[in-house]
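**Student:** What follows is a predicted protein model with its sequence.
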Amino acid sequence: MPVVSITLLPGYAPATQHRMVNRVAQAVRSVIATPEAGTTVFINEVSTYRRDGQVFSGGRAPHPVATEVVQSFLQAMQNRDTAAAQALLHTDFRMCFPGGVVMHSLHDMLTWAQQRYAQIAKHYERFEESWQGDATVVFCHGTLQGRWLNGETFEGIRFIDRMQVEDGLITHQDVWNDLAEHRKP
């Protein structure tokens, strides 16, 4: 049964510490076949330490919660608040939509979407995170509802979005959905 000790400099908020112990426990359990009840992770705080001839007494800033960044972006897009959505994107942002359509700007995406449907909204069933180096990958899935260009409504169409977040900004968005399977001319 693993027991993991984390040592931090002071100043990290309880919510940040909570995220850290939960993620470390998840990482341990992804490598070792141990039950939740058999995994212990705790944090110790030290007032200062020395490394490379320098003395440190404070830690680095925590990353924003990647799922919250993605949720804010998706809500801004649904509200068509492109300024708020753009503020959450990295300067090298890339998005790929069904059919392999790659775009780098929200304006291009909205122009492209106007040729496919008149209105769209998402119902989210779940958000999931995975961690890859300096990036957090957020998957969300659920169903789409809206109105086709001919005025007919649609609902219950499956989608999955994969978003990569680095330093609090979205760098990549990949979108998969079944719109083409239901599309009305």
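**Tutor:** That came through, no problem. Numbers count the residues shown, from 1 in each chain.
**Student:** Poorly predicted segments of this structure, please.
**Tutor:** Residues of the chain that meet the criterion pLDDT under 70 lie in 184-185.
**Student:** Just the strands from it, written as ranges.
**Tutor:** 3-8, 40-45, 49-51, 54-56, 89-97, 101-103, 119-132, 135-147, 153-166, 169-177 (DSSP state E).
**Student:** Let me have these in JSON lines, extended by distance to residue 111 and mean neighbour count.
**Tutor:** (C-beta placed from N, C-alpha, C; glycine too.) Putting the strands of the chain into JSON lines (distance: least, CB to CB, whole Å; neighbours: other CB atoms under 10 Å) gives the following:
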{"stretch": "strand 3-8", "distance to residue 111": "47", "mean neighbour count": "12"}
{"stretch": "strand 40-45", "distance to residue 111": "48", "mean neighbour count": "13"}
{"stretch": "strand 49-51", "distance to residue 111": "51", "mean neighbour count": "9"}
{"stretch": "strand 54-56", "distance to residue 111": "49", "mean neighbour count": "9"}
{"stretch": "strand 89-97", "distance to residue 111": "12", "mean neighbour count": "15"}
{"stretch": "strand 101-103", "distance to residue 111": "9", "mean neighbour count": "13"}
{"stretch": "strand 119-132", "distance to residue 111": "14", "mean neighbour count": "13"}
{"stretch": "strand 135-147", "distance to residue 111": "17", "mean neighbour count": "18"}
{"stretch": "strand 153-166", "distance to residue 111": "19", "mean neighbour count": "17"}
{"stretch": "strand 169-177", "distance to residue 111": "16", "mean neighbour count": "18"}
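**Student:** closest to residue 21 out of these?
**Tutor:** Among the strands of the chain, the nearest to residue 21 by CB to CB is strand 40-45 (4.4 Å).
**Student:** what about dumping the CA coordinates of that closest one to CSV?
**Tutor:** Extracted C-alpha coordinates of strand 40-45, given in CSV (Å, rounded to 0.1, in the frame of the first residue of the first chain):
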residue,chain,number,x,y,z
THR,A,40,-2.2,7.6,1.1
VAL,A,41,-0.8,11.0,-0.1
PHE,A,42,0.1,13.8,2.3
ILE,A,43,1.7,17.2,2.1
ASN,A,44,4.5,18.6,4.3
GLU,A,45,5.4,22.3,4.3
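**Student:** For it, which outside residues touch it?
**Tutor:** 1-10, 17, 20-21, 24-25, 28 (CB atoms under 8 Å, 6 or more residues apart in numbering).
**Student:** ditto for stretch 126-134
**Tutor:** 23, 66-67, 70-71, 136-142, 166-167.
**Student:** Quick check: can you list the domain ranges of this protein?
**Tutor:** With domains defined by automatic domain parsing, the chain comprises 3-56, 66-182.
**Student:** Spatially central residue in the protein, please.
**Tutor:** residue 138 (3.3 Å; CA atoms, centre = their mean).
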